[in-house]
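1. Any chance you could fold what I've pasted below:
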Amino acid sequence: MTQSVGSRESATGSRLSPSDSARSSPDLGIPTPDSRPSTPPSRLSTLLRRVEDAIGSLALLVMVALPLAEIVSRRVFSRGIPGSGPIVQHLTLWVGFLGAAIAARDGKLLALATGTFIPAGAWRRAANIFAAAFGACSAVILAWGGWQMMTIEREAGTNIGADIQAWVAQLVLPISFALIAARLVWRPGFNALNPSREPAVRSLDRAVASLGILAGIVLIRVPSLIEGHALWPIGIVIVVAAFAGTPLFAILGGTAAFLFMHDGVTPATVLIETYSLSVSPTLPAIPLFTLAGFLLAEGRASERLLRVFRAWFGWIPGGTAVVCAVLCSFFTVFTGGSGVTILALGGVLFPALLKDGYRERFALGLLTASGSLGLLLPPALPLILYAVVAQIPIEDIFIGGILPGILLTSMVAAWGVREGIVSGAGRYPFRAEEAFASLWAAKWELAIPVLVLVAMFSGLATAVEAAALTALYALIVQALIHRDLSLRRDLPRAFTECVTVIGGVLIILGVAQGFTSYLVGAQVPAKLVEWVRGHITSRLMFLLVLNLFLLAVGWLMEIFAAIVVVVPLIVPLGVVFGIHPVHLGIIFIANLELGFLTPLVGLNIFLASYRFRRPVLEVCVAALPMMAILGIGVLVITYVPWLTTGLLTLLGR
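-> Predicted structure coming up:
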């Protein structure tokens, strides 16, 4: 779900620039080389691009600086900085939604990959136009809702700190949604494999797609067109739009807005819920940890870590495969998702596996699966978001994920050992001198997990402050100690790419919160609890049904959106069946991690297909053994709760 950062070796051994690797995945939020604008950008658009990038990067920089200043202020002056927390929270709003506008500008909004199955030609073109039109319609309605909310807040005169009015922070919502609507219309089919470059055709496509903006304005002015009428026609349109490739935020946000409007409620309700999630006290940890991951990926951290793990584990059968599993797991913890791991490390690890004699199919399946291995290990971002939504201590779910995360990584590594024995892949003899030299060379990167856990559990820092500390640490290590990162050339790009990725995720989270609010208001969780109680009496049966349900959710939804939408539905069910809330969270994330590998629709399948330039079906076949292994691991995690709660019990939590 993210773009590649830093130059890496491609699967064929050629060098890729950061921009080239970032364009390797169409329809997954990452445009293809063919989707570049056919005409040079105007001075105005270039200026707007620079202003957007600068504002987003500055907001992210202040998000790093304020929590660090808070730590120092508490230690030196025994008190914090007034308004620091709310300001950082509202900066998250700016980073998220301005980042979403930048993602729309660059064609990197996340969408279902089903659009890639539509045959190229007239059908693909029609799907692109329809997807853009529906996305623009939804964005216009959400922009209006954001304007309504901001107007109400301006009259209330709420102050968030440092004499900053809340409506000033909320202004980014209508502006961003309006920009997104315009950009979706201006570049329909931006993510298409073969976009037309004929000016007349592009103009016609834009004109047709702009009908979506007109439709949004009409629905705002005449809400009676929706209110009280049958919902099934809108439902059909939404489903078609989703499969045509409409960005996920527009599907979730548009659905929520239409449902509220159907009940006679203003679409501002969606944005109120979006705002409430975006200013959550712990949500800023997500962009800050993501920034740390991007800074690591920009430098040569992956090469140093590869050297360490190869020196220590390369001597065992399947040593390089074990190294790949461990290294991918380490990177996924800090980069926020499997996308960055596959795109940033795939070009290094895939040739390494082939060179050491591993079968191509195995190497392909291993890297496809390993991209999401670290999602259960602290401080992985899904763990943080789950804790926010389920309202459980972040520290508890961090502890609960340690053993399950190690289990899944170990199972994949064990399969690598088997492959090493079967294929006779090459090994690296253990040499104490090289082992300790590599350890010394990578000592700064290896210390990052220790830094995070010590900062949080010692009471030195909150989750957000620990994330800011990690980002600063990664910057110092990569730019000043190793000098792999140029402060003038590389740092601005890393900040902009991070803002873009965060925007593509946070906009989905925000509108998903609005959709969840509607479900809660419609008493869907209560009705679901009542139905489950009437049909499922066994706790073991419930866990099995839960696994199947969550696996299906992993097929259809991006992991962060799934957390926001589905968690409020299953938490009451967990209470009914006496499942520990942390155990339920680990089950949830483990299943969605498995969903990344689902044949044909799993996100990792498409990312690996584009990164390694292999057909989707070939990647699916290669990933099946890994999916089976991880499926067994998920069942073990589900039915052996001690793996999750054992450390919590030992620590008295």
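2. you'd agree residue 208 is up against residue 133?
-> Yes: taking contacts as Cβ atoms under 8 Å, residue 208 lies within contact range of residue 133: 7.1 Å. (Glycine included, C-beta is placed from N, CA and C.)
3. what about those two, which has more around it?
-> residue 133 (25 against 17; other Cβ atoms under 10 Å).
4. list the contacts for that one?
-> 185, 188, 208-212, 215 (Cβ atoms under 8 Å, 6 or more residues apart in numbering).
5. Spatially, which residue comes closest to it, not counting chain neighbours?
-> In this structure, residue 133 finds its nearest non-sequential neighbour in residue 212, 3.2 Å apart by Cβ to Cβ, 6 or more residues apart in numbering.
6. Touching, the one you found and residue 182? I think so.
-> No: using Cβ under 8 Å, residue 212 makes no contact with residue 182, being 10.9 Å away.
7. Need the overlap of contacts for these two.
-> With Cβ under 8 Å, 6+ apart, residue 212 and residue 182 have common neighbours residue 136.
8. who's more crowded, these two?
-> A count of neighbours by other Cβ under 10 Å puts residue 212 above the other of residue 212 and residue 182, at 28 against 18.
9. quick one on the thing from earlier: just to be sure, the residue nearest to residue 133 is in a strand?
-> No: with DSSP: H, G, I helix; E, B strand; the rest coil as the criterion, residue 212 is located in helix rather than a strand.
10. tell me which of the contacts of residue 133 is nearest to residue 321?
-> Nearest to residue 321 among those is residue 188, at 43.0 Å by Cβ to Cβ.
11. what residue ranges in the chain are flagged as low confidence?
-> Counting by pLDDT under 70, the chain shows low-confidence ranges at 1-41, 113-116, 188-198, 334-340, 343-344, 556, 599-603, 610.
12. And the strands in it?
-> 8-9, 15-16, 159-161, 164-165 (DSSP state E).
13. Let me see the contact set for the residue lying closest to residue 496 once chain neighbours are set aside.
-> Spatial nearest neighbour of residue 496, excluding adjacent residues (Cβ to Cβ, 6+ apart): residue 53 at 4.7 Å. Counting by Cβ under 8 Å, 6+ apart, residue 53 touches 102, 492, 496, 499.
14. Weed out the non-buried ones from those.
-> 102, 496, 499 (16 or more other Cβ atoms under 10 Å).
15. Please identify which of the residues you listed is nearest to residue 611.
-> Proximity of the buried ones among the contacts of residue 53 to residue 611 (Cβ to Cβ) peaks at residue 496, which lies at 21.2 Å.
16. measure that closest one to residue 103 for me?
-> 11 Å (Cβ to Cβ, to the nearest Å).
17. quick revisit: just the closest of the contacts of residue 133 to residue 242, please.
-> For these, the minimum distance to residue 242 (Cβ to Cβ) is 14.8 Å, reached by residue 212.
18. Among the contacts of residue 133, which one is most surrounded by other residues?
-> Busiest of the contacts of residue 133 [other Cβ under 10 Å] is residue 212, holding 28 neighbours.
19. What distance do you get for residue 301 to residue 514?
-> 38 Å.
20. mind listing what's buried in stretch 211-227?
-> For stretch 211-227, by 16+ other Cβ under 10 Å, it's 212-213, 215-216, 219-220, 223, 226.
21. Residue 572: neighbour count?
-> Residues near residue 572, counting by other Cβ under 10 Å: 13.
22. and the gap between it and residue 230?
-> 30 Å.
23. could you dump stretch 220-227 to PDB, C-alpha only?
-> Output of stretch 220-227 as PDB, limited to C-alpha atoms (Å, rounded to 0.1, in the frame of the first residue of the first chain):
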ATOM      1  CA  ILE A 220     -26.000  18.300  -1.900                       C
ATOM      2  CA  ARG A 221     -28.500  20.700  -3.200                       C
ATOM      3  CA  VAL A 222     -31.400  18.200  -3.500                       C
ATOM      4  CA  PRO A 223     -30.800  15.600  -0.700                       C
ATOM      5  CA  SER A 224     -34.400  14.400  -1.200                       C
ATOM      6  CA  LEU A 225     -33.200  12.500  -4.200                       C
ATOM      7  CA  ILE A 226     -31.700  10.000  -1.700                       C
ATOM      8  CA  GLU A 227     -33.700  10.500   1.500                       C
END
